[in-house]
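Colleague: Here you go, sequence then predicted model.
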Amino acid sequence: MINLKEICREIEIAARETGAFILNESKEFDISRTESKGLNNFVSYVDKIAEKMLVERLVTILPEAGFITEEGTLTKSGLKYCWVIDPLDGTTNFLHGLHPYAISIGLKEYDEVVAGLVYEIIGNEVFTAWKDGGAWLNGIQIHVSGAKKLADSLIATGLPYSDFERLEQYMKSLTYFCKNTHGIRRLGSAAVDLAYVACGRVEVFYEYALHPWDIAAGIILVREAGGKISDFSGFEKNLTGEEIVAANSAVFSEVLEIVSKFMKN
């Protein structure tokens, strides 16, 4: 049996080393050195090098593990364990010199995320969690907020940038939340959004058309901090990011009902 707490210590070292590289490159980054992977979906040499750095380090931590990586540095099957990596979540923010952006690393055991880290680079905040070990921010345990109802909640979300098939339903959901909550924030990094749910800065996060590497670490952060996370139908297992809603336990049911109402296909 692997020591998940120790693995989180190791992946923090890897993330901080890679984060130092990203931060250094941000100082004189030239946006012209950007490539497009699709509509409003960008990648730079920084993403690619950062991912290679992480893969090289993670291979040494758990040699038998497979990999799912956003930039395709290494795609490898693992019988039991698999790393799910986003080397720079919030690339568009990074390209424009805007904060936040983060490294996201999740470790899956079969179909369950059992450890995760989100490193928000500019704020120098490392969020970690492991199964039955709680959620932590720079070594201090964190919990979801204590808000009891949606009316007292702050909502984080991500505006669609390439998949507009459900845009009309999504805008209706935004209208509802604008009128019935403390407000809406759009930070530009799903990994950070989920970390902020975990530490109680926002009560709710929801979005559609994400990917496994966007949410893997955030799943265990939210759950170990006392929150709940599912797709728009309330299913909690095998989340891919295609649909995601996370909230503290007190408001989750109310939020899920509203999101499901507006976002049904």
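Modeller: Okay, I see it.
Colleague: Touching, Glu224 and Trp130? I think so.
Modeller: Yes: using C-beta atoms under 8 Å, Glu224 is in contact with Trp130, at 7.3 Å. All C-beta spots, glycine's among them, are computed from the backbone N, C-alpha and C.
Colleague: mind showing which ranges of the stretch 151-265 of the chain have poor pLDDT?
Modeller: Within the stretch 151-265 of the chain, the stretches with pLDDT under 70 are 161-163, 265.
Colleague: 80 instead?
Modeller: The stretch 151-265 of the chain contains residues with pLDDT under 80 at 160-164, 264-265.
Colleague: in it, which spans are strands?
Modeller: 154-157, 183-185, 204-208, 227-230, 243-248 (DSSP state E, counting those that start in this stretch).
Colleague: In a markdown table: these, plus distance to Ala115 and mean neighbour count.
Modeller: Listed next are the strands of the stretch 151-265 of the chain as a markdown table, based on distance: least, C-beta to C-beta, whole Å; neighbours: other C-beta atoms under 10 Å:
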| stretch | distance to Ala115 | mean neighbour count |
| --- | --- | --- |
| strand 154-157 | 23 | 22 |
| strand 183-185 | 27 | 13 |
| strand 204-208 | 20 | 26 |
| strand 227-230 | 16 | 22 |
| strand 243-248 | 18 | 26 |
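Colleague: Domain-wise, how is the chain divided?
Modeller: 4-142, 150-263 (automatic domain parsing).
Colleague: what's the most buried one of the ones you listed?
Modeller: Comparing the domains of the chain by mean neighbour count (mean count of other C-beta atoms under 10 Å), domain 150-263 comes out on top with a mean of 20.
Colleague: First-to-last residue distance for it?
Modeller: Length of domain 150-263, first residue to last, C-alpha to C-alpha, to the nearest Å: 18 Å.
Colleague: hmm, back to that, export the strands of the stretch 151-265 of the chain to TSV and tack on distance to Lys52?
Modeller: TSV is the format used below for those (distance: least, C-beta to C-beta, whole Å):
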stretch	distance to Lys52
strand 154-157	30
strand 183-185	32
strand 204-208	28
strand 227-230	30
strand 243-248	28
